[in-house]
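>>> turn this into a model:
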Amino acid sequence: MAENTYVLSIDQGTTSTRAMIFDHSGSVVAVDQVEHEQIFPRAGWVEHNALEIWTNTRDVVGGALAKANFNSRNIAAVGITNQRETAVVWDRSNGRPIHHAIVWQDTRTQKIVDALAGEEGLDRYKETVGLPLATYFAGPKIRWILDNVDGAQERAEAGELLCGTMDTWVLWNLTGGAENDGVHVTDVTNASRTLLMDLQTLQWDESIAADMGIPLSMLPQIRSSSEVYGECKPGILNGTPVAGILGDQQAATFGQACLAKGEAKNTYGTGNFMLLNTGTEAVPSQNGLLTTVCYKIGDEPTVYALEGSIAVTGSLVQWVRDNLGLISSAPEIEDLAKEVDDNGGAYFVPAFSGLFAPHWRPDARGALVGLTRYVNRHHIARAVLESTAFQTREVLDAMNADSGVPLTELRVDGGMVVNETLMQFQADILGVDVVRPKVAETTALGAAYAAGLAVGYWENEDDIRTNWGEDKRWTAQMGEDERERFYRSWKKAVTKTLDWVDEDVD
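Numbering: from 1, shown residues only. Just a heads-up that it's a prediction; the model follows:
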């Protein structure tokens with residue numbers, strides 16, 4: 001490892017793109033971040049401008065390097081982590097997307113999903129891909145673009161179009177794009193979120209791709225999460241190897257050093273995502289969880305995970321800020337919530353785009369229930385925070401049932417873990433310790449680790465374990481009877497959101 005070298009991580013998230021530079025101890029040296037536009041053409045539709053995201057990516061890389069006063073010679077490798085399931089289709093010859101990227105939260109593909117399910121049901125491909133058919137995943141989004149952009153299907157079959165999740169888009173552009181023969185690759189973690197990859201062979205399943213009408217020539221090559229895919233060219237990182245790719249939740253799991261079977265983390269971001277490392281065995285879920293690739297380091301055996309994906313957690317706080325105007329900044333939600341001791345009987349189920357794990361109910365819509373004249377804005381603020389903790393409890397219960405090994409502590413990360421009121425309630429409602437690490441930005445760190453391992457910047461996974469450190473621990477203070485009473489009311493509230501969308505509602 002050369003002196004004065006570092007690893008740069010590009011974290012292309014749902015609401016922003018940032019570049020973070022890490023040193024060998026896993027500490028942050030510099031960071032730059034830019035938000036991008038959230039595009040809502042219709043109810044249930046969510047899009048991003050992929051060209052804006054690529055421009056932002058270049059800007060934040062330059063910004064982070066400038067803040068650290070570094071150039072490309074200081075960077076040993078680049079890692080990429082990304083919002084998963086968001087799909088983009090672009091012209092191979094000029095690098096221009098033929099449609100906005102369709103975001104993971106988007107529900108427009110419900111009719112495509114229903115048609116694919118047919119009489120066999122939503123679990124039609126689950127044995128192969130580990131996932132139920134749902135609007136969440138990338139494959140049906142690609143199908144929608146091919147169906148709805150004039151001439152797209154013909155151009156795809158002629159080999160003129162490429163597609164991928166956001167890691168693939170960023171990598172292709174970083175390594176040269178249309179002008180310099182960009183590398184068209186994804187990693188196993190992102191590929192496992194498309195509904196198109198066989199979990200055992202780690203290759204695209206030709207029959208499922210055919211069912212969706214997606215030509216294999218459009219799809220990126222699937223590689224491990226930690227290897228050199230290519231070099232940056234041209235630009236300020238010219239010649240620097242891009243050597244790690246992990247979908248954001250798998251990256252956070254890696255950054256949290258959940259490297260042993262039975263270890264789990266929960267990321268509190270736009271949505272919430274809990275992953276349990278199941279080792280080299282892909283464990284099928286009987287309780288509404290997803291079986292997914294956790295990571296694959298070079299030629300080493302593939303490591304799998306069980307995942308509970310929750311669509312709306314941090315974005316509910318954004319909604320309260322932007323749509324209701326109840327707060328002017330996200331941290332204010334905690335100040336409001338701390339004014340009361342409990343939720344006053346109010347429960348907020350944020351099923352804005354249906355319910356993800358463990359329910360998988362696209363027909364659900366959000367509901368605020370249990371209202372009386374007693375309830376005020378402080379109670380509503382508390383109900384907003386508590387909804388994240390209750391949804392996490394549902395996923396943890398499913399995880400315990402699937403794995404047969406009750407979790408004894410939960411490692412947490414992401415933007416919401418600075419909210420200590422939420423973290424204490426999370427411990428209370430789970431009945432297990434909640435642990436926050438010293439470096440809370442574990443998503444970017446995980447991608448940096450994957451890239452650094454590939455080029456020898458870190459020697460092995462023991463280096464990652466050594467770097468992990470505990471910052472704060474919350475222990476349950478709530479009695480069992482009270483915990484279960486609150487949870488019983490939450491489960492009742494969930495039932496009020498179901499069967500809301502009728503078949504004649506587009």
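>>> next, count neighbours for residue 245.
Residues lying near residue 245 (other CB atoms under 10 Å) number 33. C-beta coordinates here come from the backbone N, C-alpha and C atoms, glycine included.
>>> so what touches the helix or strand harbouring it?
In this assignment (DSSP states H and E), residue 245 forms part of strand 241-247. By CB atoms under 8 Å, 6 or more residues apart in numbering, the residues outside strand 241-247 that reach it are 77-82, 84, 165, 167, 171, 174-175, 183, 185-187, 189-190, 193, 223, 225-232, 254, 295, 446-455.
>>> how far off strand 241-247 does whatever helix or strand comes next after it point, in degrees?
Using DSSP H and E, the helix or strand that follows strand 241-247 towards the C-terminus is helix 248-255. On the basis of axes from the mean of the first three to the mean of the last three CA atoms, to 10 degrees, helix 248-255 is oriented at 110 degrees to strand 241-247.
>>> toward the C-terminus from helix 248-255, list the very next helix or strand.
strand 264-268.
>>> what packs against that next one?
helix 248-255, strand 272-279, helix 377-403, strand 409-413, helix 442-454 (3 or more CB pairs under 8 Å, 6 or more residues apart in numbering; DSSP states H and E).
>>> now that strand: how far from the chain's centre is it?
11 Å (CA atoms, centre = their mean, to the nearest Å).
>>> what are the pairing partners of it, and which direction each?
Looking at strand 264-268 with DSSP bridges, its partner strands are strand 272-279 (antiparallel), strand 409-413 (parallel).
>>> looking at the ones you listed, which is buried most?
strand 272-279 (a mean of 24; mean count of other CB atoms under 10 Å).
>>> wait, what's in contact with the nearest residue to residue 433 once chain neighbours are set aside?
Leaving aside its sequence neighbours, residue 433 sits nearest to residue 409 (CB to CB, 6 or more residues apart in numbering; 4.3 Å). Residue 409 sits next to 432, 433, 434, 435 when contact means CB under 8 Å, 6+ apart.
>>> that older thread, let me have the helices and strands packed on strand 264-268 in CSV, adding distance to residue 126 as columns.
Shown next, in CSV, are the helices and strands packed on strand 264-268 (distance: least, CB to CB, whole Å):
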stretch, distance to residue 126
helix 248-255, 19
strand 272-279, 16
helix 377-403, 14
strand 409-413, 26
helix 442-454, 27
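>>> okay, these in a markdown table with distance to residue 261 and mean pLDDT next?
Listed next are the helices and strands packed on strand 264-268 as a markdown table, based on distance: least, CB to CB, whole Å; pLDDT from 0 to 100:
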| stretch | distance to residue 261 | mean pLDDT |
| --- | --- | --- |
| helix 248-255 | 12 | 93 |
| strand 272-279 | 4 | 90 |
| helix 377-403 | 9 | 93 |
| strand 409-413 | 15 | 90 |
| helix 442-454 | 18 | 94 |
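>>> among these, which is nearest residue 421?
Among the helices and strands packed on strand 264-268, the nearest to residue 421 by CB to CB is helix 377-403 (6.4 Å).
>>> just checking, residue 226 touches residue 454?
Yes - applying CB atoms under 8 Å, one finds residue 226 in contact with residue 454, separated by 4.6 Å.
>>> which of those two has more neighbours?
More neighbours surround residue 226 than the other of residue 226 and residue 454, with 27 against 24 (other CB under 10 Å).
>>> run through the bridge partners of the more buried one.
The partner residues for residue 226, given DSSP bridges, come to residue 244.
>>> which elements pack onto the helix or strand containing residue 304?
Element membership for residue 304, per DSSP H and E: strand 303-310. When contacts are defined as 3+ CB pairs under 8 Å, 6+ apart, strand 303-310 packs onto helix 248-255, strand 272-279, strand 290-295, helix 377-403.
>>> can you lay out those as CSV showing distance to residue 99?
Listed next are those as CSV, based on distance: least, CB to CB, whole Å:
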stretch, distance to residue 99
helix 248-255, 23
strand 272-279, 26
strand 290-295, 26
helix 377-403, 31
